[in-house]
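Enquirer: I would like the atomic coordinates for the input below:
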Amino acid sequence: MNALGMIETYGYLAAVEALDSALKAANVSLVDVVKVKGGLVTVLIEGDVGAVKAATDAAKTATKRVGTVVSVHVIPRPTEDVKSMLTSSTEYREKEKQEILELTPEMPEAEQTKKIEDMSEEENETSKEERIYTREQMEKMTVASLRTLARELKITNMTSKEVRFAKKQQLIDAITAFTGQER
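Expert: The predicted structure is shown next:
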């Protein structure tokens, strides 16, 4: 990597425009797209110093037409520490994705849906039992995931409005009570 170019935009659409114009303007390649909270998206590109400067300038100009450019910066000849920082953040996100996959049931959602549609009512009840989470698994889930699970299970001990506004522990207790698991 001869130079690292960073284009930070507000919104994903502006980031796509920035990346598109940067890749078309010069001989650069995409390193990563980092979605920061609050709508900030940073596009990281690499290439020769001159090419990266030209690409970031073109991206800045093009992005201003569709969104907001927060900042643009080029680092010529970044040190090895910067390179390791970029690869470690990518590895960290991959690790997070893997942990999320480990918390989901073994069968993919699409296969579960298809299987449920093909089954009779009796088999449908057993497939719901197979998807029951333990209390420990539910503790690791986000509140949004628990709400989705409560809706999928069609729990009867909470209304849809109560599910929408319930806290994490309330959802876990309701799902546990509905599925008949012990505390």
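Enquirer: remind me which helix or strand Phe178 belongs to.
Expert: In the assignment (DSSP states H and E), Phe178 maps to helix 168-179.
Enquirer: could you list the low-pLDDT ranges of the chain?
Expert: Along the chain, the parts satisfying pLDDT under 70 run over 1, 87-132, 181-183.
Enquirer: where do the helices sit along it?
Expert: For the chain, applying DSSP state H gives helices covering 12-25, 49-66, 80-103, 109-118, 121-130, 135-140, 143-153, 160-165, 168-179.
Enquirer: just checking, what packs against the last one?
Expert: Other helices and strands packing on helix 168-179, by 3 or more CB pairs under 8 Å, 6 or more residues apart in numbering; DSSP states H and E, are helix 135-140, helix 143-153. (C-beta placed from N, C-alpha, C; glycine too.)
Enquirer: which one, of those helices, ends up nearest to Val52?
Expert: helix 143-153 (38.3 Å; CB to CB).
Enquirer: distance between that closest one and the chain's centre?
Expert: Relative to the centre of its chain, helix 143-153 is centred 18 Å away, using CA atoms, centre = their mean, to the nearest Å.
Enquirer: list the buried residues for that helix?
Expert: Under the neighbour-count criterion of 16 or more other CB atoms under 10 Å, helix 143-153 has Ser145, Leu146, Arg147, Leu149, Ala150, Leu153 buried.
Enquirer: what do you get for stretch 49-59?
Expert: For stretch 49-59, a neighbour-count test (16+ other CB under 10 Å) marks Ala51, Val52, Lys53, Ala54, Ala55, Thr56, Asp57, Ala58, Ala59 as buried.
Enquirer: quick check, nearest of those to Val16?
Expert: Ala59 (10.7 Å).
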